[in-house]
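Trainee: Got a sequence here, can you build the structure:
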Amino acid sequence: MAKPWKTIESIVTDEGVLELRQRDERDFLITVGGLVLMNSLANRSEVVLGQLGCRHLRNHPAPLVLVGGLGMGYTLKAVLDSLPATAQVVVAELNPVVLGWCRGPLAPLTDSAVNDPRVRVEIANVADLVRRAAKAAPAERFDAIVFDLYKGPHHRTDSRNDPLYGSRAIGFAREALNNKGVFAIWGENYDEGFVKRLGAAGFKVSNQRPGRGGLRHVVFIAEKK
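Mentor: Sure, this is the predicted structure:
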């Protein structure tokens, strides 16, 4: 019989109560408004997202990577495992309490990835960092942008003005990338409109559904031509 969940911490946010729950040594949930955002035992798509987003950078002399969303740190850990020691990784996370969880009770899940010396966490909206990089000098642009956000692209996305997945935002992402950079995005389901917008912006697009059987989320990979 499964153990009951114990609430480690909860805070009120604009989207409802954000909670970290635990019922075993490595069994955690993050919920908001009662909805499960992440389960520590179901992380295959997050790991594949980080791997595919940064596999082209393993031999890069000094890559710069942006990760949008910290979550439990699984995507960040996969990103770091794919990069050389000379890399720099900027993580944009909206809520500082999530950073505290990744440095505290969740740290053993990822070998404290968030404390890796290559990592800098900014409490910020990732869309703002993308727009800033799009207007920056080449040295401040990214070699990969990885979005691991709990709301991925979907059919209700505003095709032009959505701040993350609309055509304007995709244009900023492309400008924020160096040549041959990769924009990798987690999605709950495949979204044809989003794929078309990526292609129209000049990306070469592919996608994967990691794993076999069960709920299989989508990883979109957009390569800058």
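
Trainee: Please make it C-alpha for all contacts and neighbour counts, starting now.
Mentor: Fine.

Trainee: Each with direction, which strands does the one helix or strand in the chain whose mean pLDDT sits lowest pair with?
Mentor: None of the helices or strands of the chain scores lower by mean pLDDT, DSSP states H and E than strand 35-39, at a mean of 92. Strand 35-39 has its sheet partners listed here by DSSP bridges as strand 27-32 (antiparallel).

Trainee: Report the distance from the strand it pairs with to the chain centre.
Mentor: For strand 27-32, the separation from the chain centroid amounts to 17 Å (computed by C-alpha atoms, centre = their mean, to the nearest Å).

Trainee: mind saving the C-alpha coords of that strand as PDB?
Mentor: What follows is strand 27-32 as a C-alpha-only set of coordinates in PDB (Å, rounded to 0.1, in the frame of the first residue of the first chain):
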ATOM      1  CA  ASP A  27       9.400  10.200  -4.300                       C
ATOM      2  CA  PHE A  28       8.300  13.800  -4.600                       C
ATOM      3  CA  LEU A  29       5.500  15.900  -6.200                       C
ATOM      4  CA  ILE A  30       5.300  19.500  -7.100                       C
ATOM      5  CA  THR A  31       1.700  20.700  -7.400                       C
ATOM      6  CA  VAL A  32       0.000  24.000  -8.000                       C
END
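
Trainee: what mean pLDDT would you report for that strand?
Mentor: Averaging pLDDT along strand 27-32 yields 96.

Trainee: can you list contacts of the host helix or strand of Cys54?
Mentor: Taking DSSP states H and E as the criterion, Cys54 maps to helix 44-54. Contacts of helix 44-54 with the rest of the structure, by C-alpha atoms under 8 Å, 6 or more residues apart in numbering, involve 74-79, 81-83, 144-146, 148, 182-186, 209-211, 216-219, 221.

Trainee: Next step: those residues restricted to helices.
Mentor: 74-79, 81 (DSSP state H).

Trainee: Can you tell me who Ile123 pairs with across the strands?
Mentor: Glu93.

Trainee: how deep is Gly152 tucked in, by neighbour count?
Mentor: 19 (other C-alpha atoms under 10 Å).

Trainee: and it, how far is that from Arg120?
Mentor: Using C-alpha to C-alpha, to the nearest Å, Gly152 is found at 23 Å from Arg120.

Trainee: Might you list the low-confidence residue ranges for this protein?
Mentor: Per-residue confidence for the chain (pLDDT under 70) gives these ranges: 1, 212-215.
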